[in-house]
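Peer 1: Any chance you can model this:
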Amino acid sequence: MRGAMENLLYPASTLEIAKKREQLAPETLKSWRTFSRQVFADGALPAKTKDLIAIAVAHVTQCPYCIRAHTKSALQKGATEEEIMEAVWVAAEMRAGAAIAHSALAIDVMKEHAPSE
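Peer 2: Take a look at the predicted model:
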């Protein structure tokens, strides 16, 4: 069951929206689909691993459509719920780590504006 808040924030991905997207930029969409299939194919990294990476990235970029699509795809490729949750925790740590790393900016400004002693 989908959360009520999600329905208020994001429209459902419908066939009508997909058709409109294709109508507005058919060649670009075709190229993007080809690129996407290539990116998520088995290569140096297995396709399942790529979906787990995508789940983590989707949580950092906060794309609900990507979270749903790549979670479903990862499950279909044999990912466990524990692997998926671990990917989410990696995303959470990276997002928090970025906040800590960027604190250097605030510290730099505080240093610049510190009262003279």
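
Peer 1: Kindly indicate whether residue 44 is helix, strand or coil.
Peer 2: Judged by DSSP: H, G, I helix; E, B strand; the rest coil, the three-state class of residue 44 is coil.

Peer 1: in the protein, which spans are helices?
Peer 2: According to DSSP state H, the chain carries its helices in the segments 4-9, 15-24, 26-39, 47-61, 64-76, 81-112.

Peer 1: Can you give me the neighbour number for residue 53?
Peer 2: Look at residue 53: counted by other C-beta atoms under 10 Å, it has 17 neighbours. Glycine gets a C-beta too; all of them are placed from N, C-alpha and C.

Peer 1: quick one: contacts for it?
Peer 2: Neighbouring residues of residue 53 by C-beta atoms under 8 Å, 6 or more residues apart in numbering: 45, 87.

Peer 1: mind giving me CSV with the helices of the chain and columns for mean pLDDT?
Peer 2: Below are these laid out as CSV (pLDDT from 0 to 100):
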stretch, mean pLDDT
helix 4-9, 60
helix 15-24, 95
helix 26-39, 97
helix 47-61, 97
helix 64-76, 97
helix 81-112, 95
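
Peer 1: right, so those: which one is the most enclosed?
Peer 2: Of all the helices of the chain, helix 47-61 has the most neighbours on average by mean count of other C-beta atoms under 10 Å, namely a mean of 20.

Peer 1: The residue nearest to the spatial centre of the chain - nearest residue in space that isn't next to it in sequence?
Peer 2: Centroid check for the chain by C-alpha atoms, centre = their mean gives residue 58 as the closest residue, at 1.1 Å. Nearest residue to residue 58, sequence neighbours excluded (C-beta to C-beta, 6 or more residues apart in numbering): residue 66, at 3.6 Å.

Peer 1: in terms of contact, does residue 88 touch residue 59 like I think?
Peer 2: Yes. The pair residue 88 / residue 59 is scored as a contact, 5.5 Å apart, by C-beta atoms under 8 Å.

Peer 1: How is this protein partitioned into domains?
Peer 2: Following the assignment in automatic domain parsing, the chain carries domains at 14-42, 44-117.

Peer 1: Number of residues surrounding residue 13?
Peer 2: By other C-beta under 10 Å, the residues close to residue 13 number 13.
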